[in-house]
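Chemist: what's the 3D shape of this:
(chains A and B)
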Amino acid sequence: DGGITQSPKYLFRKEGQNVTLSCEQNLNHDAMYWYRQDPGQGLRLIYYSQIVNDFQKGDIAEGYSVSREKKESFPLTVTSAQKNPTAFYLCASSMVGQFSQPQHFGDGTRLSIL
Amino acid sequence: AQKITQTQPGMFVQEKEAVTLDCTYDTSDPSYGLFWYKQPSSGEMIFLIYQGSYDQQNATEGRYSLNFQKARKSANLVISASQLGDSAMYFCAMREDSYNFNKFYFGSGTKLNVKP
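Modeler: Now for the predicted structure:
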């Protein structure tokens, strides 16, 4: 079955440490996205990518970095510069150029500070 | 300006009754899509229903229907015969066809509680 796989499900970060969240999709989608969600809040866009080797900052990119070396993969690194990283992170993908197509989401990664 | 506005942070509904979740949107693009997602407490985002700007009829998917009023720029989700499993956060989202056409805009969500 096609879908989006995020790993790990739970992640703990120590002070000053960078951590990387994995996102893999086999839907053959060109566009991929990372969102942050704080408890009881909506989704905030961190980064998105419309094609391999290209990505754009979203609304809250500071303290995060991404890469898009393969169509299927869009890993997110939470750097030590992100002072409040505790949140739920969702990865999504979609077809490009078709406004009728929805985003498909992974099951998310919960990141906490140790 | 907010692209998507959901004005109901939380709502209660009695089991088996219908409930309407409000969503208004802001765009000058004539071509756009509107989406509703459900997020249970486990966190995954489940796509529920889609309405296109050119669709003449309101979208329906099982117990979900969309009350689309284009002139008022509203796209309210109607859930009929509520079930306990409908308790979740619900998000309205929009995707435009022109500038930044691969970006999705989400509302702040409505938390629905279904009472037995």
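Chemist: Low-confidence stretches in chain B?
Modeler: B:99-101 (pLDDT under 70).
Chemist: if we go to 90?
Modeler: B:1-2, B:96-103 (pLDDT under 90).
Chemist: for it, what spans make up the strands?
Modeler: B:4-5, B:10-14, B:19-21, B:24-25, B:32-39, B:46-52, B:60-61, B:64-69, B:74-79, B:88-96, B:104-106, B:110-115 (DSSP state E).
Chemist: separation between the most centrally placed residue in chain A and A:Gly3?
Modeler: Central residue of chain A (C-alpha atoms, centre = their mean): A:Trp34, 2.8 Å from the mean position. The gap separating A:Trp34 from A:Gly3 is 17 Å, by C-beta to C-beta, to the nearest Å. From N, CA and C alone the C-beta is placed, and that goes for glycine too.
Chemist: Kindly report the same for A:Gln50.
Modeler: Relative to A:Gly3, and taking C-beta to C-beta, A:Gln50 is found at 20 Å.
Chemist: So these two - more neighbours on which side?
Modeler: A:Gln50 (19 against 13; other C-beta atoms under 10 Å in any protein chain shown).
Chemist: wouldn't that one be in contact with A:Ala31 here?
Modeler: Yes. In this structure, A:Gln50 is within contact of A:Ala31 by C-beta atoms under 8 Å, at 5.0 Å.
Chemist: shared neighbours, the two?
Modeler: Shared contacts of A:Gln50 and A:Ala31, defined by C-beta atoms under 8 Å, 6 or more residues apart in numbering or on different chains, are found at A:96, B:102.
Chemist: Neighbours of B:Lys16, how many?
Modeler: 11.
Chemist: That one is in contact with B:Leu84, isn't it?
Modeler: No. B:Lys16 lies out of contact with B:Leu84 (C-beta under 8 Å); the separation is 10.2 Å.
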